[in-house]
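*Asks:* Have a look; sequence and predicted model below, questions after that.
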Amino acid sequence: MTGLTDSGALVRLAYKGLQALDVNADEVLRRSGFDPSKLYQANLRTPFAAQPLFWKAAVELSGDPCIGLHLGEKMPVYKGQILEYLLLSSQTFGDGLKRVMNYQRLISDALHGSVQESPNPCLTSYFSNHQYATSHLAEAMVLGLIKVFEAVTDGAFKADKVVFNHSPNTDIAEYKRIFGCPIEFNAESFQLYFSAEILNYRSLYAEPQLLDLHMQAADQHLAILKQGDLIKKVRNHMASLLESGDVSLVSVSKLMAMSPRHLRHQLNIAGTSFQKILNDLRHRLALRLLSETNEAISEIIYLTGFCEPSTFYRAFKRWQGTTPILYRQRTQSNGG
């Protein structure tokens, strides 16, 4: 999977944690390549590859070499999200924990966790594209998990031991102060150990009908992400074919090992079409080439996959309400 993303809820929680530490949260987001004004945008997903930039900025602006640990301590509980509802409406904490493992993508595309029940119950997890998964992210996330687990069990959940796959960022005593349990480092994977009894903790809010509704909602969210995966794949194949001029439903569906009819149907379910994706790709590419390069118009026509100049000019007029030359003059004179 390319272009892994995180739930917008994660960056909002981190933002609140930074504010609680009196760190310039807006500047941290800006240095991560994110516009703070979009923080509360509906269905927000942020690039997982931006994690190192976020934590580098957080360390620099806070002066704290263990910012992930302290941010995790201060950030609010992950509430009001579908995974919390799944945990609450399940009969037991163990049932809910197993259930949410099927929906980890709602937190992050890169997160892969599993529950081990014996001999010692623990949650094991790792990140794909681990080069982007910093120690700060791991420490903040495990503290976030513990807070959620405590909340849905009315404080009954307690961590017995936390195992990290990185070296400590500060004195071990600080970790023990915050986690309140033994801590180990430099292991092969992350592990959060807890008592077997907590798996049988009965939720005070268990409700089968609500659980069904919450699972339907989770399935719908997951389906939307999978539809986004499909659109990204189609767009990537289109981009690879643009210069050849053979960007057709047949050529792209062949690269995706499916029939043109099936691809058309799947795109329709995703609320788009082959032509819409192609038009958007050409439009964005044309704007970038015109505003950021000095490529000749004839070359841009070729690079965007148009066979005839007249077709390109008509499309551009429809997109921008002006000509390519006037658009270039305006954007380049304004500095883009």
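*Replies:* Ah, there it is.
*Asks:* Can you tell me the SS state at K161?
*Replies:* Under the three-state scheme (DSSP: H, G, I helix; E, B strand; the rest coil), K161 adopts strand.
*Asks:* Please look at it and F185 and confirm they touch.
*Replies:* No. Taking Cβ atoms under 8 Å as the definition, K161 is not a contact partner of F185, at 11.9 Å. Every residue, glycine included, has its C-beta placed from N, CA and C.
*Asks:* Where does the closest residue to V148 other than its chain neighbours fall, secondary structure wise?
*Replies:* Leaving aside its sequence neighbours, V148 sits nearest to Y78 (Cβ to Cβ, 6 or more residues apart in numbering; 5.0 Å). Per DSSP states H and E, Y78 falls between elements, in no helix or strand.
*Asks:* Regarding the protein, what is its longest helix?
*Replies:* helix 208-241 (DSSP state H).
*Asks:* Go through the next helix or strand along the chain from that helix and flag the buried ones.
*Replies:* Downstream of helix 208-241, the next assigned helix or strand under DSSP H and E is helix 249-255. For helix 249-255, a neighbour-count test (16 or more other Cβ atoms under 10 Å) marks 249, 252-253 as buried.
*Asks:* Between these, which sits nearest Q209?
*Replies:* Top of the list for closeness to Q209, among these and by Cβ to Cβ, is S253 at 41.2 Å.
*Asks:* Show me how this structure divides into domains.
*Replies:* The chain resolves into domains spanning 5-206, 217-333 when parsed by automatic domain parsing.
*Asks:* Show me which of those domains has the highest average neighbour count.
*Replies:* domain 5-206 (a mean of 18; mean count of other Cβ atoms under 10 Å).
*Asks:* For that domain, give the mean pLDDT please.
*Replies:* On average, the pLDDT along domain 5-206 is 94.
*Asks:* and what of stretch 308-316?
*Replies:* pLDDT averaged over stretch 308-316 gives 93.
*Asks:* Which parts of the stretch 51-200 of the chain are strands?
*Replies:* Secondary structure of the stretch 51-200 of the chain (DSSP state E, counting those that start in this stretch): strands located at 111-116, 122-127, 159-163, 183-184, 190-194.
*Asks:* Strand 122-127 and the third one, what's the angle between them?
*Replies:* Orientation of strand 159-163 against strand 122-127 (axes from the mean of the first three to the mean of the last three Cα atoms, to 10 degrees) gives an angle of 30 degrees.
*Asks:* Surely the residue nearest to V148 touches Y85?
*Replies:* No. Counting by Cβ under 8 Å, Y78 sits too far from Y85 to count as a contact (11.4 Å).
*Asks:* Please report how far S125 lies from G3.
*Replies:* Distance, S125 to G3, by Cβ to Cβ, to the nearest Å: 21 Å.
*Asks:* Once you drop chain neighbours, what's closest to S89?
*Replies:* S89's closest residue in space is L211 (Cβ to Cβ, 6+ apart), at 4.1 Å.
*Asks:* isn't that neighbour right up against L87?
*Replies:* No. In this structure, L211 is not within contact of L87 by Cβ under 8 Å, at 10.2 Å.
*Asks:* which residues touch the closest residue to L289 other than its chain neighbours?
*Replies:* Leaving aside its sequence neighbours, L289 sits nearest to I300 (Cβ to Cβ, 6+ apart; 4.8 Å). Neighbour list for I300: 286, 289-290, 312, 324 [criterion: Cβ atoms under 8 Å, 6 or more residues apart in numbering].
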